[in-house]
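Sharing a model that was predicted from the sequence below.
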Amino acid sequence: MNPVNYLYLAALLFTIGATGVLIRRNAIVLFMCVELMLNACNLAFVAFSRMHGNLDGQVIAFFTMVVAAAEVVVGLAIIVSVFRARHSASVDDASLMKL
Amino acid sequence: MSATAVAPVVHTLWTTAAGPIDKIPAPHIEYTQLSPVLIVVGAAVVSVLVEAFVPRKARHHTQVFLSVLALVAAFAAVVGLAAGGYGSTKAHIAAMGAIAVDGPALFLQGVILLSAVLAVLTFAERRLDPADHGHRVDSFAAEAAAVPGSDQEKAAVKAGFTTTEVFPLTLFAVAGMLVFPAANDLLTLFIALEVFSLPLYLLCAVARRKRLMSQEAAVKYFLLGAFSSAFLLFGIALLYGYAGSVSYADIAQVVSGDVPAVDPALAQTMGNDVLLLIGFAMVLMGLLFKVGAVPFHMWTPDVYQGAPTPVTGFMAAATKVAAFGAMLRFLYVVLPGLTWDWRPVMWGVAIVTMLGGAVVAITQTDIKRLLAYSSIAHAGFILAGVIAATPTGVSSVLFYLAAYSFVTIGAFAVVTLVRDAGGEATHLSKWAGLGRRSPLVAAVFAVFLLAFAGIPLTSGFSGKFAVFKAAADGGAGALVVVGVISSAVAAFFYIRVIVLMFFSEPKADGPTVAVPSGLTSVAITAGVVVTLALGFAPQYFLDLASQASVFVR
Amino acid sequence: MDNLIALLVAAPLLGAAVLLTGGRRLDKAGHWLGTLLAAVSFVIGLVLFADMLGKSADDRTLHQTLYTWIPVEGFQADIAFQLDQLSMTFVLLITGVGTLIHVYSIGYMEHDERRRRFFGYLNLFVAAMLLLVLADNYLLLYFGWEGVGLASYLLIGFWQHKPSAATAAKKAFLVNRVGDMGLSIAIMLMFTTFGTFAFGPVLDAAAGGDASEGKLTAVALMLLLAACGKSAQVPLQSWLGDAMEGPTPVSALIHAATMVTAGVYLIVRSADIFNAAPDAQLVVTVVGAVTLLFGAIVGCAKDDIKKALAGSTMSQIGYMVLAAGLGPIGYAFAIMHLVTHGFFKAGLFLGAGSVMHGMNDEVDMRKYGGLRKYMPVTFVTFGLGYLAIIGFPGLSGFFSKDKIIEAAFAKGGTEGWILGACALLGAAITAYYMTRVMIMTFFGEKRWQPAPDPDKAASVEPGADAHPGELPHPHESPKSMTLPMILLAVGSVGAGAFFEYAGFVEWLEPVTGFEHGHSPLSAAAVTTATVVVMLLGVGVAYLQYGRRPVPAVAPRGSLLTRAARRDLLQDDFNHVVFVRGGTHLTRSLVYVDHSLVDGVVNGTAASVGGLSGRLRKLQNGYARSYAVSMFGGTAVLIAATLLMRAV
Amino acid sequence: MSFPLLTVTAAVPAVGAVLTAAVPAARRTAAKWLALLVSLATLVLAAVVFARFEPGGDRYQLTESHAWIKDFGVRYELGVDGIGVALIGLTALLIPFIVLAGWHDADPLETQSKRWRPTQGFFALILMVEAMVILSFEATDVFLFYILFEAMLIPMYFLIGGFGDRAHSGTDENAAAQRSYAAVKFLLYNLAGGLIMLAAVIGLYVVAGNFSLTEIAEARANGQLDMATSTERWLFLGFFFAFAVKAPLWPLHTWLPNAMGEATAPVAVLITAVVDKVGTFAMLRFCLGLFPEASKWATPAIIVLALISIVYGALLAVGQRDIKRLVAYASISHFGFIIMGIFAMTSQGQSGATLYMVNHGISTAALMLVAGFLISRRGSRLIADYGGVQKAAPVLAGTFLIGGLATLSLPGLAPFVSEFLVLVGTFARYPVAGIVATTGIVLAALYVLVLYQRTMTGPAKEETRNMPDLRARELVVVAPLIAVLILLGVYPQPLTDVVNPAVRHTMSDVQQKDPSPEVEAAK
């Protein structure tokens, strides 16, 4: 089937992820949404790679996964420490600094 | 580490499955030319090992020594390369198209390394706070993982733990920053971005005082950073879809129109300008986020305020340098054919950034937030130089970045000195009458503020003049006018701080000015010296910048 | 010879410098030094005069150029002097009368601890006045012009501790400044018209008719404005009355004999300009006529002896201005009257001073009376001066004033008649108010009052030895005061006749030009008319004050009288229009400056601050709202990029 | 390479400033003497400059030129014409008296900490300002001038905000508040002006490619460089705005009264007599020199503004209650005259304007410093608090009066010469303006004499009854100034000799001829 549809799917997923970031409160969920966005990118890469008939896209996808993994490590470390300090994973509670 | 480097390899695998493995051509890496990066990365790895094996007592000194040594060595390597003509005549693209070794790259790497050295010195400062349980303490938490106020933390403090991990983290971040402006394909760009972002997220979280704010800063920075890098990545994907490659050269080629023959099935993607434009916009957004341009700036004040002040100084200086370097390369190398598309957009961004930063700063009451907004305004000024889209534009931006980074680190270093019982006294009201209590520190800070304000005979003025001149030359006269107006607005709040320090009576419960050790003193002195040197006799550095203003393609 | 001219000015200037910077150690001899130097310059004047007489009428003019004052592209102002018959006349008058008054002041100011400074100021005045009349260009004249203004300011306000004196001084200077405006504009006009403002070229060009009449008229009118200021002519006369706050010698020298006549000098000096601008001349005559009546009327109503005399001064100068306005038929007579007036008016003032000196500085004539027995010398000298001013046949005033009235008629046409009539009327009124002064002061019974009590002491001239609470003991003044009075009296008596027969007119002719006016009335007729109206005035005054006792408190009097007491409401007018109006203007401007001009600036600052405060709210601390702005920003970025390509 | 006289003239006070600042806290008096000596040395150097300058010679003399910032087309170029020489002379002449007059103004209060060294700072800042001002009069490179124009704000700002007049009404707190308000207003106002100018400077670079006054003028003269009319006008406006703020011209004047009111008298003199002259000087040299066409284009508007300044300033001076603010508004009126003279575009007007800068400097110094002495005695700036001073302190009153008379430009005192030249020069081209301006002389008399009457005459007040007369130090400050006023009033030739040629050059810059008189009365 036409690989372009995968692109549409990727765009859709990306948008869903972005929207999630905007509307959800829980830091973990937020973070998952970001991951979703990254994976949407991966899908796009792979699709393009298929369309162009070269493998760069697929290789990049691997890199992305690695990066995503790294982000998870760092992200969770931070989020958990905040959670332990505040007993809440809501990003809206973390608003000491404003104005 | 480069896609284009790897792709053919994989191809061969794909086609001749039954081929013997030893046919894989080893990618060709110019180690000497990448030596700055390699040195720093290597040092980072070593310092991780130090964390693992060196006894706690000795760690701090070892780490400081190691980091400084590595950074200085890397700087020496940069100088060596530049002297070897890699900045000009022998400039070329190394690591199989992944990394450019040319003037801008080397210049910015040099700046990044120098500011990193100064930053590390401020990291290492341990004399500002009184000794705690007989242990000298720095600005970082005894045990970042421990819950604020918990017994675990108390124990850690008693035991005299310190978060010496900041040094390896910093080194990794520096490594990323070194690659970022030199990245010559989008993948490297992305990786470098992450490599220097992730450590910074962590560094924000490890403040010793006001830990909640510190962690909050980290969360915000992290979430928003990840958000933005997702956009960047998607942009990369689209550009890849557009050009079928992520290497700058190839994309530029496609943009400029001479598309290599491809099968018609790809017509709708290959060279599809919608992909190009959207992709460009999203990548640009990722970069603008890093430089803190309006409307992608909102993390800046919070993060600058919450992060440990030395880290703030490091971020404010080095991140901006790296990000602007990457932006320049992206705009000048990838999209020269697209100038007429991106210029108007950047105009808008530059204007709102300059005005937004300056105006909002007026009503700030916290010195760190104030400096954060001023950094936003400065990002706007630099954008004006970027928009010039001329070699003088490039050199002016390079010069501005160099000038700015030193002023910034110096200013934040001074901020670390003004303390009261609760640590640093960052609320402006606390700074009242500082000039009476300790004229020297106040005078030094005044110099930095005047440099920020762009008063003549300071580096700030030379830089501002350079970028405005370039912008005007590049036909962006209106931008210059907006620039001077926002400078006038900006002048107001810098002056306000000076008034506060010199003309208002000291408060009885006012903060004390800690007498720093040699480390911070060196950082501050270096800041002042460079600020004045670039103010009085900028010619030499302008020459450097203009020699370094040519991108290799 | 010509090198002496500078010395004329230098001597008193030196005196001023020494006396004003010398300090207390000069207090002993200061007045002698001052007097000496005034005398020196009088002697020099005489020498020059003798030398001048020795020459033929046409080359009597001397020039001395010291150096270039202001050398600028196309603008040359020299410090240079010109001594011709006209200047000579003034030099003698100034130095002569000046010296006498110096002598008089020695006695008059005896008890004043600041006498040294007083003489310094007097010398300064003499120097400035000489500079004024000796200058050979209008800018240097302006220098002297303002110089005498300064001196008069300092002397009127000499008793600075009296608020009234300080105010009067300020008023005099300000009103004069208005006149000076005229002079400076006149000079600018000359510069733009002739490219110079030296007497020679300007007047020649004016006489040569090179310049348009309009320009010349403008110049002439501006000069007239200046003259009005200095010579207290309507409408700038208001300061002279108040100027009487100064010590009496000052009133005599500056505000009677010399400075106030500078305006007449200016007009006569600029004769060629005025001749070429008949309209301006008409205005001059009108101003003169109005003032001579104005002053006379004011003089009738004042009970303050000095103010009465001031009114008369105003009126007499009105005569001179009128004469000067008549052109060549009048210039010489204007000057002639100026000189005779110098003598008798100075004499009258000194007499008044002497009276006050004896009467605890009482100035209200209603509190005098019957003084002739007590101060005979004063009485006689004052009397002679009186006869001179009312134009009693044979005395100096008679000749000069009669000539002017005649010339006024000779102007011809209705103007001639009107002006002549005014002049005659003036003569009558003069006779009236002077007789009034004479009778109220020296005749009738005593109306003396106890000396003012100490709390008013501030207003007492330190010259007097007042015994508070007691009646005054009128006594003749010391020699140093009577001597000048006597000499001036001699002048008042003889000067007129002397000039008449020594040919004053011919003496001046080379400078001012002269032509005989053709009066519709014969000279004899005019003379008789003058004498008749004079006797009329005297008679009326005698009936009013000589026969009946003078009330010690002024009766309410007619509307005119009351107006006249208030200088015909001049000051009230000034107060309402200028003072109050000006105050309102400045007040409102101060407000405007603060709230409008400055307000705009501060307002801008404030509004930026407000904007900042509002934008700040966007930074609400919620990471997700930051994400929203990033998201929106990206959307805009994308849209903009695509749009750019679209358009 | 001849001896760099101009650089040295500017360098001496600069170095002196550093040394003065370095004097230890305890040796306050030493710092004062050092500052005085340095300022006197500078005066000597200025005299040498005056002597070495040949009126007949080139336009710019004693020139120096070194590469500085190649990339910006900036050179370190110095040179003086007659106008520069005159103003350098003025600056160098006034500073010693300012130092002497401010001898005790910055003595530290007991409350202040030992490490705080106000005295050293005060005199160091004054010298620093002197150095910058002198250098700005010498700069023939637009960029160099601009840098100094901006940089001198900083020391001025500290002088105003840091060393306020101790004679103030109300509490120390709100006095401090007013003071820093005045200082900030001064700085922001001038900084804004300067930044607008910065835009114009950059524009100039884009158009001309370098900043050398001489080169640009040359290029314009021989047509190598022709600016579009609109460009030239915009650039002109950019420059003029900055100078008009500095000068100050109505309606950009409101910072001056605050600054002069709050600063100590010597600093107030420094502002109005020295620093503000840079603005008018720059109009003459840069506005007219670089943008002759635009200058002519803008002249009518500027003349009108100048007229407003003259009358408006004088009227507000009449309305003031505060002695120092009164002098400030008087200065605004006088700056109106200067600017009018510059833009009258006649040699009388411009010579007059130049002399006016010098004379106004000296006369204001005399008046303001005496006023300062008066205020220091009574501890109040309000006119109403005085009266009858002349009885107790005749010399003070006398010098005050002379200062006032100079301010109302009485003939025989220096300001008269310049004011009359300006009037004539203006009248020759714009008669109406000339006539309106003459009302200024009446108003001047009004505010001066009213001030004198209210403060010095009348019955003595309780506080003024035993007021001490001028002390020796104060006399040393005032007497020479008065002497100079009189000298330049009766013999201004030494000054006109150096100024005339410069004015001739400026006139040829703007290709203007003096209007010739209606009648050639050269017989």
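Now that the structure is in, tell me what you want to look at.

Give the burial count for the residue in the stretch 101-250 of chain B positioned nearest to chain D, as a bare number.
Nearest residue of the stretch 101-250 of chain B to chain D (CB to the nearest CB) works out as residue B:107 at 15.0 Å. The C-beta positions use only the backbone N, C-alpha and C, and glycine is treated the same way. Residue B:107: 28 surrounding residues under other CB atoms under 10 Å in any protein chain shown.

what do you get for the one 3 residues further on?
The criterion is other CB under 10 Å. On that basis, residue B:110 has 24 neighbouring residues.

what's the nearest residue to it if we skip its chain neighbours?
residue B:78 (4.7 Å; CB to CB, 6 or more residues apart in numbering or on different chains).

isn't the one you found right next to residue B:106, touching?
Yes - using CB atoms under 8 Å, residue B:78 makes contact with residue B:106 at a distance of 5.5 Å.

Mind giving me the packing neighbours of the helix or strand harbouring the residue of the stretch 101-250 of chain B closest to chain D?
Here residue B:107, judged by DSSP states H and E, is contained in helix B:103-124. Helix B:103-124 is packed against helix B:35-53, helix B:56-83, helix B:166-179, helix B:309-314, helix B:320-329, helix B:391-417, helix B:518-536, helix B:539-547, with contacts defined by 3 or more CB pairs under 8 Å, 6 or more residues apart in numbering or on different chains; DSSP states H and E.

and residue C:159, that's in a helix?
No - according to DSSP: H, G, I helix; E, B strand; the rest coil, residue C:159 belongs to no helix; its state is coil.

Compute the number of surrounding residues for the residue lying closest to it once chain neighbours are set aside.
Closest residue to residue C:159 apart from its sequence neighbours, by CB to CB, 6+ apart: residue C:165 at 4.8 Å. Neighbours of residue C:165 under the rule other CB under 10 Å: 24.

got a list of what residue C:165 touches?
Listed by CB atoms under 8 Å, 6 or more residues apart in numbering or on different chains, the contact partners of residue C:165 are C:156, C:157, C:158, C:159, C:245, C:246, D:457.

Just the buried ones among the residues you listed, please.
Listed as buried from these are C:156, C:157, C:158, C:159, C:245, C:246, D:457; burial here means 16 or more other CB atoms under 10 Å in any protein chain shown.

re earlier: sec struct for the residue nearest to residue C:159, please.
Relying on three-state DSSP, one would call residue C:165 helix.

how far away is it from residue C:357?
Remark: distance between residue C:165 and residue C:357 (CB to CB, to the nearest Å) = 18 Å.

Using JSON lines, lay out the buried ones among the contacts of residue C:165 together with pLDDT.
Formatted as JSON lines, the buried ones among the contacts of residue C:165 follow (pLDDT from 0 to 100):
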{"residue": "C:156", "pLDDT": "92"}
{"residue": "C:157", "pLDDT": "90"}
{"residue": "C:158", "pLDDT": "91"}
{"residue": "C:159", "pLDDT": "88"}
{"residue": "C:245", "pLDDT": "88"}
{"residue": "C:246", "pLDDT": "88"}
{"residue": "D:457", "pLDDT": "88"}
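
Please give the element, helix or strand, for whichever residue of the stretch 51-200 of chain B sits closest to chain C.
Closest residue of the stretch 51-200 of chain B to chain C, CB to the nearest CB: residue B:197 (15.0 Å). Taking DSSP H and E as the criterion, residue B:197 maps to helix B:186-204.

ok and that helix relative to helix B:166-179, angle-wise?
Compare the direction of helix B:186-204 with that of helix B:166-179 by axes from the mean of the first three to the mean of the last three CA atoms, to 10 degrees and you get 150 degrees.

Can you name every helix or strand that helix B:186-204 contacts?
Using 3+ CB pairs under 8 Å, 6+ apart, helix B:186-204 sits against helix A:56-86, helix B:166-179, helix B:211-243, helix B:273-291, helix B:309-314, helix B:320-329.

returning to what we had before: got the contact list for the residue of the stretch 101-250 of chain B closest to chain D?
B:82, B:87, B:398, B:402, B:544, B:545, B:548.

Would you mind giving the secondary structure of residue D:63?
Relying on three-state DSSP, one would call residue D:63 strand.

If you tally nearby residues, what's the number for it?
For residue D:63, the neighbour count with other CB under 10 Å is 17.

Same check on residue D:21?
Residue D:21, neighbours per other CB under 10 Å, totals 17.

what's the pLDDT at it?
pLDDT, residue D:21: 89.

show me what contacts residue B:171?
B:40, B:41, B:43, B:44, B:47, B:67, B:70, B:71.

What residue in the stretch 151-300 of chain D comes nearest to chain C?
residue D:254 (4.1 Å).

on that earlier part again, just flag the most distant two among the buried ones among the contacts of residue C:165.
Based on CB to CB, the longest span within these runs between C:246 and D:457 and measures 13.6 Å.

how about the lowest-mean-pLDDT helix or strand in chain D: buried residues?
Lowest on mean pLDDT, DSSP states H and E among the helices and strands of chain D sits helix D:462-465, with a mean of 80. Using 16+ other CB under 10 Å as the test for burial, helix D:462-465 gives residue D:464.

In contact with residue C:68, which residues?
Per CB under 8 Å, 6+ apart, neighbours of residue C:68: C:76, C:77, C:78, C:79, D:493.

for chain B, what are the nearby residues on chain D?
D:67-72, D:112-113, D:115-117, D:146-148, D:150-151, D:153-154, D:157-158, D:161-162, D:173, D:176, D:179-180, D:183-184, D:187-188, D:191-192, D:195-196, D:198-199, D:202-203, D:205-206 (CB under 8 Å from any CB of the partner chain).

Now residue D:18: closest residue in space, sequence neighbours ignored.
Closest to residue D:18 by CB to CB, 6+ apart is residue D:124, at 7.2 Å.

Quick check: phi and psi on the one you found?
The phi and psi values for residue D:124, taken as degrees, to the nearest 10, are phi -60, psi -40.

And residue A:98, by the same measure?
The phi/psi pair for residue A:98 (degrees, to the nearest 10) is phi -150, psi -180.

tell me which parts of the stretch 451-553 of chain B are close to chain C?
Residues of the stretch 451-553 of chain B lying near chain C (CB under 8 Å from any CB): B:489, B:492.

and residue B:279, what does it touch?
B:234, B:235, B:236, B:237, B:238, B:239, B:241, B:242.

Check the gap between the third one and residue A:38 for me.
Right, residue B:236. Taking CB to CB, one finds residue B:236 at 11 Å from residue A:38.

which other helices and strands contact whichever strand or helix holds residue B:448?
Residue B:448 belongs to helix B:439-453 when assigned by DSSP H and E. With contacts taken as 3+ CB pairs under 8 Å, 6+ apart, helix B:439-453 sits against helix B:391-417, helix B:434-437, helix B:459-473, helix B:477-503, helix B:518-536.

Off-centre distance for the helix or strand containing residue C:202?
In the assignment (DSSP H and E), residue C:202 maps to helix C:199-208. Distance, stretch centre to chain centre, for helix C:199-208: 27 Å (CA atoms, centre = their mean, to the nearest Å).

Please tabulate the contacts of residue B:107 in CSV, including the columns pLDDT and neighbour count.
Listed next are the contacts of residue B:107 as CSV, based on pLDDT from 0 to 100; neighbours: other CB atoms under 10 Å in any protein chain shown:
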residue, pLDDT, neighbour count
B:82, 91, 20
B:87, 82, 26
B:398, 95, 31
B:402, 95, 25
B:544, 90, 20
B:545, 90, 26
B:548, 88, 24
